[in-house]
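Enquirer: here is a sequence together with a model predicted from it:
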Amino acid sequence: MSHLSERPEKPVVGVSMPHESAYQHVTGTALYTDDLVQRTKDVLHAYPVQVMKARGRITALRTEPALAVPGVVRVLTGADVPGVNDAGMKHDEPLFPDEVMFHGHAVAWVLGETLEAARIGAAAVEVDLEELPSLVTVREAMEAGSYHGARPLMVHGDAEAGFAESAHVFSGEFEFAGQEHFYLETHAALALVDENEQVFIQSSTQHPSETQEIVSHVLGVPSHEITVQCLRMGGGFGGKEMQPHGFAAVAALGAKLTGRPVRFRLNRTQDLTMSGKRHGFHASWKIGFDADGRIQALDATLTADGGWSLDLSEPVLARALCHIDNTYWIPNARVAGRIAKTNTVSNTAFRGFGGPQGMLVIEDILGRVAPQLGLDPMELRERNFYQPGQGQTTPYGQPVTQADRISAVWRQVQENGAIADRKREIAAFNAAHPHTKRAVAITGIKFGISFNLTAFNQGGALVLIYKDGSVLINHGGTEMGQGLHTKMMQVAATTLGIPLHKVRLAPTRTDKVPNTSATAASSGADLNGGAIKNACEQLRERLLQVAGSQLGSNASDVRIVEGVARALGSDKELAWDDLVRTAYFQRVQLSASGYYRTEGLHWDAKSFRGSPFKYFANGAAATEVEVDGFTGAYRIRRVDIVHDVGDSLSPMIDIGQVEGGFVQGAGWLTLEDLRWDTGDGPNRGRLLTQAASTYKLPSFSEMPEEFNVTLMENATEEGAVYGSKAVGEPPLMLAFSVREALRQAAAEFGPSGVSVDLASPATPEAVFWAIEAARQADGAEVSPNGHALNGSAANGHAVNGKVGTGAQALSGA
């Protein structure tokens, strides 16, 4: 076993314990960025001047009316920026734009003594606009040829030869929606300037170092004049990886110009209308199978809806391409990607970071074509799994080294869920209930862990031991509720060999650990855990030398366990506090800076080849649903999950992540329906789903009636911190099983072998139209929504000569 993976005697890692801030969360004493305003004197409040048009050139901006409003202190415009007027890493996101690029784009910011004064002042600012043509949907952008950023191409084998050798070839289209992060805490920042003109920013950010970098660019000062701290976030999900930077820059600029603290916080409507979402995608595809239903070739084009600027769209698209294979061996593939430029908010990172979109494409394909091939969807999926010992690689060339785990979690979830017996029970139920149908579906995942950009795969930490034996740790990761800090405390306690109560964790700050990577890509525990372990090992080695001299033994024969140092073969012992005190008087350094870099990674973005991931996280989920044939309404009766987290660092935290990720994924795939005004009226481009009243989120009523989560056993991951695996993003994709179960239940209303086209999100309305199409699969009628159901295509979406109800087409040959 590798040194990084090996666990010592009586480790604190692997022990189930609550979140380190759980008590504060449930009692309301946990502080978030905006709570700090009440502890700060003379705060000014920032409010955006939003332009409610999808696109237009600003011809005049008059701020004088705002300055006449009582309580308004200043209006920030582009003329006030001393450095670079840009908030993006691609330099395509002007902080104060000359051109409005989406409905609700902020063009100036008003600072007021109160939030109400700032709001009234913002409403008084006069903006003259020359309206310009806008593109609101990804299809409009595709038709106009509106794209930006890289156009990657992933080629593996010979796709044309694969199609020539295929017994069955299908082709089609699939368009699916994005998703709103809807974190409980909206974007927030609080900026202060000290007597030396140093700027200190409290920010709700997943990437403090990049927030620091952007603010330094905007202010035109070096990074050492900017300190960013993230106390904690009330949710992030990727939405606070890139987008907080500009908001923090507004607060910092205001503080610099006025000399007073500036508070920035978006209300919910502003956050929904100004911040980016998960990327929606359009996919066109062609797939070939042999006579036994094994994939021979895939040719696909994925188009991501990037919104008005690039943000993180390029790496999101790259990860989508890297995950289009999911758990399936595709010997011949050609997959192209492109980013549509639309006049909507700039879409950004969201849990899974493009991986879910790529995987959804192949899962949708298999769910659609299984009936055409005469195969049970479970059987079709299993036949195409990566196989161990075959030397198989992904379409981008990375060996799949744990293919056995793909099948292992699949088999275990079938056993745990008694799937064979339940399928027989479901068949009997469906035969007896013409208006209500049930179905159970299983889907698996294989999700790559690491940043695609190799340079980001590094982490740092600072560990301090005080004379009384207490330990303070700092690391570069941020806490957004996922339990990273809890795990890091467990790693530190395990490495030092002390009880957990001896360890405290300080908030993430750029002046403690510099040049950190975002807490993203599910890599937080791997990178920061490796760095903390490294720092603690340095300290432990120093202390072992001291302990050896005190115990009359070689340092190599001393073990520190549960806060006591003992020499092998001796009854002598030395308490941790005494050991630390002795080390201090011997002038032994009691602080260490730790560092970790992920080894074995390489990636060529131009050729789209390499091994960008340290390992793959695997899992499988079985979901049973019941669908009402009259309304399309459904309920999730039971979910069984088996997930591979390696040797868990903190099982209670990991199970919570699996449960939460699954429910968030089910929300994306079945409930959360982003809608924009696509008409030609005055509100074109306006987000219509601006609140929880119109944007439906998963709640207790959508939770499975029975929810069983099992962590895979004996799953040590070599070369990862204490044998663990990442858990943040992968569970979201287990929710594919919900959508596939809904597809199969809808098919039960039609003749045997019917292929069902299901829109995404699969809302009750979408399920109802899928049921209608299944019922009419043998007829030539037209359904009430005007879709032709046989013979000719409605809206151009042909499905094997019949018509689907979603934005999808399928034809077979």
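Expert: Sure, I can see it.
Enquirer: residue 143 and residue 505, how far apart?
Expert: As defined by C-beta to C-beta, to the nearest Å, residue 143 lies at a distance of 52 Å from residue 505. C-beta coordinates here come from the backbone N, C-alpha and C atoms, glycine included.
Enquirer: out of those two, which sits in the more crowded spot?
Expert: Using other C-beta atoms under 10 Å, the more surrounded residue of residue 143 and residue 505 is residue 505, with 20 against 10.
Enquirer: right, and residue 613 touches residue 398 too?
Expert: Yes. In this structure residue 613 lies within contact range of residue 398 using C-beta atoms under 8 Å: 6.4 Å.
Enquirer: intersection of neighbour lists for the two?
Expert: Here residue 613 and residue 398 share the contacting residues residue 448, scored by C-beta atoms under 8 Å, 6 or more residues apart in numbering.
Enquirer: more neighbours: which of the two?
Expert: residue 613 (25 against 19).
Enquirer: give me the neighbour count for the nearest residue to the more buried one once chain neighbours are set aside.
Expert: Closest residue to residue 613 apart from its sequence neighbours, by C-beta to C-beta, 6 or more residues apart in numbering: residue 448 at 3.3 Å. The number of residues packed near residue 448 is 24, by other C-beta under 10 Å.
Enquirer: now swap in the one 5 residues further on and tell me
Expert: With neighbours defined by other C-beta under 10 Å, the count for residue 453 comes to 16.
Enquirer: for residue 585, same thing?
Expert: 9.
Enquirer: tell me the backbone dihedrals of it, please.
Expert: Reported as degrees, to the nearest 10, the phi and psi values for residue 585 are phi -70, psi -20.
Enquirer: how far does stretch 22-40 stretch from one end to the other?
Expert: Terminal residues of stretch 22-40 lie 26 Å apart, using C-alpha to C-alpha, to the nearest Å.
Enquirer: buried residues in it?
Expert: 30, 32, 33, 34, 36, 37 (16 or more other C-beta atoms under 10 Å).
Enquirer: ok, stretch 223-243 next?
Expert: Buried-residue list, stretch 223-243, by 16+ other C-beta under 10 Å: 223, 226-243.
Enquirer: cool, and stretch 122-135?
Expert: Neighbour counts over stretch 122-135 (16+ other C-beta under 10 Å) mark 122, 124, 125, 127, 129, 134, 135 as buried.
Enquirer: pretty sure the last one contacts residue 146?
Expert: Yes. In terms of C-beta under 8 Å, residue 135 counts as a neighbour of residue 146; the distance is 5.5 Å.
Enquirer: what is in contact with these two at once?
Expert: 340, 341, 342.
Enquirer: buried subset of the residues you listed?
Expert: For the shared contacts of residue 135 and residue 146, a burial check counting by 16+ other C-beta under 10 Å picks out 340, 341, 342.
Enquirer: can I get these in JSON lines including pLDDT, secondary structure and distance to residue 301?
Expert: Putting these into JSON lines (pLDDT from 0 to 100; DSSP: H, G, I helix; E, B strand; the rest coil; distance: C-beta to C-beta, whole Å) gives the following:
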{"residue": "340", "pLDDT": "98", "secondary structure": "strand", "distance to residue 301": "12"}
{"residue": "341", "pLDDT": "98", "secondary structure": "strand", "distance to residue 301": "16"}
{"residue": "342", "pLDDT": "98", "secondary structure": "coil", "distance to residue 301": "17"}
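Enquirer: and which of those is nearest residue 182?
Expert: residue 342 (21.0 Å; C-beta to C-beta).
Enquirer: please tell me how far the closest one sits from residue 144.
Expert: Going from residue 342 to residue 144 by C-beta to C-beta gives 10 Å.
Enquirer: which neighbours do those two have in common?
Expert: Residues touching both residue 342 and residue 144 by C-beta under 8 Å, 6+ apart: residue 135.
Enquirer: returning to that earlier point: what would the shared contacts of residue 135 and residue 146 look like in a markdown table with distance to residue 735?
Expert: Shown next, in a markdown table, are those (distance: C-beta to C-beta, whole Å):
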| residue | distance to residue 735 |
| --- | --- |
| 340 | 25 |
| 341 | 29 |
| 342 | 26 |
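Enquirer: just those residues now: which is nearest residue 432?
Expert: Nearest to residue 432 among the shared contacts of residue 135 and residue 146, with distances taken as C-beta to C-beta, is residue 340, at 47.7 Å.
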